[in-house]
Structure formats: C-alpha cells, structure tokens
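Q: Compute the structure for the input listed below.
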Amino acid sequence: MLDAIRWDSDLIRRYDLAGPRYTSYPTAMQFTDQVSTFDLLHALRESRKASRPLSLYVHVPFCANICYYCACNKVITKDRGRAQPYLQRLEQEIRQVACHLDPRQTVEQLHFGGGTPTFLSHAELRQLMASLRENFTLLDDDSGDYGIEIDPREADWSTMGLLRELGFNRVSIGLQDLDPQVQRAVNRLQSLEETRAVIDAARTLQFRSINIDLIYGLPKQTPDAFAQTINEVISLQPDRLSVFNYAHLPERFMPQRRINTSDLPSPAAKLEMLERTIAQLTAAGYRYIGMDHFALPDDELAIAQEEATLQRNFQGYTTHGHCDLIGLGVSAISQIGELYCQNDSDITQYQRTLASGQLATARGLLCNQDDRIRREVIQQIICNLNLPFAHIEQVFNIDFRGYFAQQWPALQRMAADGLITLDHEQLTVLPAGRLLVRSVCMVFDGYLEQASRQRFSRVI
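A: As a prediction, this is how the structure comes out:
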C-alpha cells in the first residue's frame, strides 16, 4: 500500500509554486496554429491502422446560470433553443471524424463535459447518443467507462433514468460547497437535498461510480464551515472526490471579476482547509490519488495506482491512457498518437467552420522526441510516484543521468528537503512530497519559464 501523505508546512511554503496540472505534456500553453486539419486527419488514419481503442470527450458548453468561479468554456443562456444549431454541427463533426476510423476501434471511455450536459433536453440527449452509436462502436455490455457531469439543479430522477438507459454508468456531480454564504458569493445556490436526490437516483439505478467536485479557497469560506461541508459529503459516500484549489485569475476569466477579492480566504486559511480535508477524508477511508483527487480503496484509480498502471490525460487520472482520445465539440482537445489538437474555442467560429464542411481544428502540437521523453517521466512521477530510470533508458535509448544533468541539482535539493528519494536507479516521491508532486514534475518541464507561470494555478 502506498504511504500516506505527510503534511509539512515548511515544505509547502517553499514549494507551493504556480505551475501546470499536467493533464498533458507539453501543456496546452504550447499549442500553436501550426497544427491543422491535415495533421488531425493523418493522426486519425494512423490510429485506424494501429487499431487503437478510443476514448471520446464531448463538450456541451451551455449553462443556464453563471457560476462566478468557473474557468470552463461555456455559453450562459436561458434559451434552450440555442442547443439545436450547436448539436447539428456537433453531429456533423462526429460523422466527419468517425469516417476516418475503423468500426473495430471500440469506445472504452466516453465523457460528456461542459458547461452543463444536462442543459440538453431528453430528446436532444437521445439524439446525440444515437449519433455517437451510429458512427462509433460503443460498448453495449456496460463494461465501458461512460461518464457525464451533472449539475443537480439541472437533473432529476427521470433525467438520471434516461442517462442510465443511454448507457452512462458514471456521474460526476458539481457541488463545490454547501455553505449558503459561499454559494451566494459564487452565484450557485444548491441544497444538500438536491445533491442527495441525484446521488440516491444514481445508486438506485446502479451507476457504477459517483464522483463529487468540491473547491476550497472560494469567497466567504472558512476552515470550520468547509470542514462541515466535507463531513456532509462523506455521509453521501461518493466513490471519488475532487477537491480543487480555487485559482483566482480574473484577468483571464471574466466571471471571476464578480468575486470580491476581499472575501477570499487567506493563504493560511486555505492551507488549513486542505490539511483538515485530507485528515477527514483519510479518516473516512479515502486514498489520496494525487492532484486533488481522492478515491475509496476499491476504486479503479486506487487499484491502478497500487499496481503502477495509473495514467493521466486531458480527462484527468484514468485507466484508459492507452486509448486515443477524440475531443468533440467547441474547444475540445484530442490526443491521438503523438498529436495534440484543439477545436476552436469560439462557438460561433466552431459552427461556421463546420458549416463550411471543414473540421474545426484551430491549434495543437506534434510531440518531438524530447517531448515524449519528458512526458513519460512526468507521467510516471505524477501517477505512480516512482520513476525507475532504467525504464526511461530502455524505452528511449538514453542515459537518464546524462540527459537530465541540468535538472539533477534541483532534484538533489528536493531529496535533501525530503520531498523525494534519489539514487542512481530511481526517484521516489515521499509522503511529504505527495502534495507537491506538481513541483517535482516541473523540474522536468522543458517549456516552463518564470514569465509564463502567472497563467497557472499554484500547487496548493
């Protein structure tokens, strides 16, 4: 069993830097407009030749209400009719992408994100899933990981029944905080009863996994009140929990400008929230997977981490990293072989491009050999907390110590500080370094410059 986290306030203060979350390496910050639809079509053909299984991500950008903390690509509207023109173009994209793949490439993983996917009517959800089933080979035996993000204010028992009927077996429920003061400050009023009703429905309908999203560092939050939220959430017994650090970046995300900066908790209060959250969840039997994620010991993520098979991609921690990830919809990102590509983030331009018969690829990156080496290093550290140098040397035919000679002094400092152990054979993240694993990964980031770090959230 993996060692538990050890809280070390001094190390946290020294290594709590701003940096990427490494859902990819290189990160989306390195994407350029040099990648085109031609590159995507070539990557799809290579995927077809290799007959790799698929993971589909479908972006539904619409929300009826604005949450002030939100940094997602979304369209705020009360007009439900706006979904239909978007769905028309999305289904066109589905057809245009799928025709370059082989029906034998099964979809092992499917995720609907947003926005609020349940903004769509029942008829529209049926229509969208029918289009996916018509063009891709979805599994019919409930063995796939088919998930959807749920806003309990936009879902009821009939919605949950429909989703189960359509083949979804995992739900991720946005909650953030149960304190009414905090909810008013971020414009998201959501009762415990609403959330419990959706979870009860999911359990009755035999959804395989329930995830709850929480955020610490929101306006009006206090350590005591957030601890009460955590206790209430523990009583709901989700299989997984995501406890995100709120990054206040109003210069990048316009809705955050509605948050009064003076209402934000102090850095010390945020640290106390995280420390108490870890203690509460650990006492309740949850394992810390990493990067704000917790899971019960029998969850697939926890088991994969124990077995050193856990992976990470744009979907977050996953057991399906061997799949080619196809992103569909506005701003969606694909990872196909060595290609990363992203659709246009402007919904109007996305729809206009597809209306002209073209795919909406706007930017991306084709990994070079150095990218591949560093990606594998970061993946091993962030997922399995251990990096055997021989593995990297065998896969890439390099001398690890020589290749990363420039990084070695920084690693030695981390070892001296107790974040990692380091010898000639491997790097291992210690309990005191688990919360700071992003900082360890940043040592190996060939693109990270001090000037760009202001665009990232802090580690803690």
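
Q: so what are the domain limits for the protein?
A: 1-23+368-460, 24-328 (automatic domain parsing).

Q: quick one, which of the ones you listed is nearest to Ser356?
A: Closest approach to Ser356 among the domains of the chain is made by domain 24-328 (10.6 Å; Cβ to Cβ). No exception for glycine: its C-beta is placed from N, CA and C like everyone else's.

Q: So what's the gap between that closest one and the chain middle?
A: Centroid separation between domain 24-328 and its chain, computed with Cα atoms, centre = their mean, to the nearest Å, is 7 Å.

Q: do the same with stretch 397-410
A: That offset, for stretch 397-410, works out to 30 Å (Cα atoms, centre = their mean).

Q: if we can go back for a sec, mean pLDDT for the domains of the chain: which is lowest?
A: Per-stretch mean pLDDT for these is lowest at domain 1-23+368-460 (a mean of 89).

Q: Find the nearest non-adjacent residue to the residue most central in space within the chain, please.
A: The geometric centre of the chain, computed from its C-alpha atoms, lies nearest to Gly316 (Cα atoms, centre = their mean), at 3.5 Å. Take Gly316 and drop its neighbours on the chain: the residue closest to it by Cβ to Cβ, 6 or more residues apart in numbering is Thr23, 6.4 Å away.

Q: what sits against that neighbour?
A: Each residue near Thr23 by Cβ atoms under 8 Å, 6 or more residues apart in numbering is listed here: 312-316.

Q: With Gln183 instead?
A: 176-177, 189-190.

Q: Backbone dihedrals for it, please?
A: Note on Gln183: its backbone torsions stand at phi -60, psi -40 [degrees, to the nearest 10].

Q: before we move on, back to that, specify the local secondary structure of the residue nearest to Gly316.
A: What DSSP: H, G, I helix; E, B strand; the rest coil gives for Thr23 is coil.

Q: Please, where are all the strands along the stretch 251-400 of the chain?
A: With DSSP state E, counting those that start in this stretch, the ranges of strands along the stretch 251-400 of the chain come out as 287-290, 293-295, 311-313, 316-318, 324-328, 333-336, 339-343, 361-366, 386-388.

Q: Distance to Asp239 added to those strands, as a markdown table?
A: Output for the strands of the stretch 251-400 of the chain, formatted as a markdown table (distance: least, Cβ to Cβ, whole Å):
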| stretch | distance to Asp239 |
| --- | --- |
| strand 287-290 | 11 |
| strand 293-295 | 7 |
| strand 311-313 | 19 |
| strand 316-318 | 13 |
| strand 324-328 | 22 |
| strand 333-336 | 25 |
| strand 339-343 | 29 |
| strand 361-366 | 33 |
| strand 386-388 | 25 |
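
Q: Between the ones you listed, which one is closest to Arg203.
A: It's strand 293-295; of the strands of the stretch 251-400 of the chain, that one is closest to Arg203 (Cβ to Cβ) at 17.0 Å.

Q: That closest one pairs with which strands, and in what direction?
A: strand 240-245 (antiparallel), strand 287-290 (antiparallel) (DSSP bridges).

Q: Which residues does that strand contact?
A: Strand 293-295 has contacts (Cβ under 8 Å, 6+ apart) with 239-243, 281, 286-289, 301-302, 316-317.

Q: Write a PyMOL command that selects only the buried members of those residues.
A: Selection of buried members from those for PyMOL, criterion 16 or more other Cβ atoms under 10 Å:
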select buried, resi 239+240+241+242+243+281+286+287+288+289+301+302+316+317
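
Q: Reformat the contacts of strand 293-295 into a markdown table and put distance to Gly81 next to each item.
A: Output for these, formatted as a markdown table (distance: Cβ to Cβ, whole Å):
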| residue | distance to Gly81 |
| --- | --- |
| Asp239 | 36 |
| Arg240 | 35 |
| Leu241 | 36 |
| Ser242 | 32 |
| Val243 | 36 |
| Leu281 | 42 |
| Tyr286 | 42 |
| Arg287 | 45 |
| Tyr288 | 44 |
| Ile289 | 41 |
| Leu301 | 39 |
| Ala302 | 43 |
| Gly316 | 32 |
| Tyr317 | 37 |
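
Q: Okay, helices next: where are they in the stretch 101-250 of the chain?
A: 122-135, 157-166, 180-185, 192-204, 223-236 (DSSP state H, counting those that start in this stretch).

Q: And Arg153, how close does it get to His424?
A: According to Cβ to Cβ, to the nearest Å, Arg153 stands 55 Å off from His424.

Q: Looking at those two, which one has more neighbours?
A: Each of Arg153 and His424 has its neighbours counted (other Cβ atoms under 10 Å); Arg153 has more, 18 against 7.

Q: where's the closest residue to that one other than its chain neighbours relative to Ala130, distance?
A: Leaving aside its chain neighbours, Arg153 sits nearest to Gln190 (5.7 Å; criterion: Cβ to Cβ, 6+ apart). From Gln190 across to Ala130, the span is 31 Å (Cβ to Cβ).

Q: Comparing those two, which residue is more hemmed in?
A: Gln190 (19 against 12).

Q: Relative to Met160, how far out is that one?
A: 16 Å.
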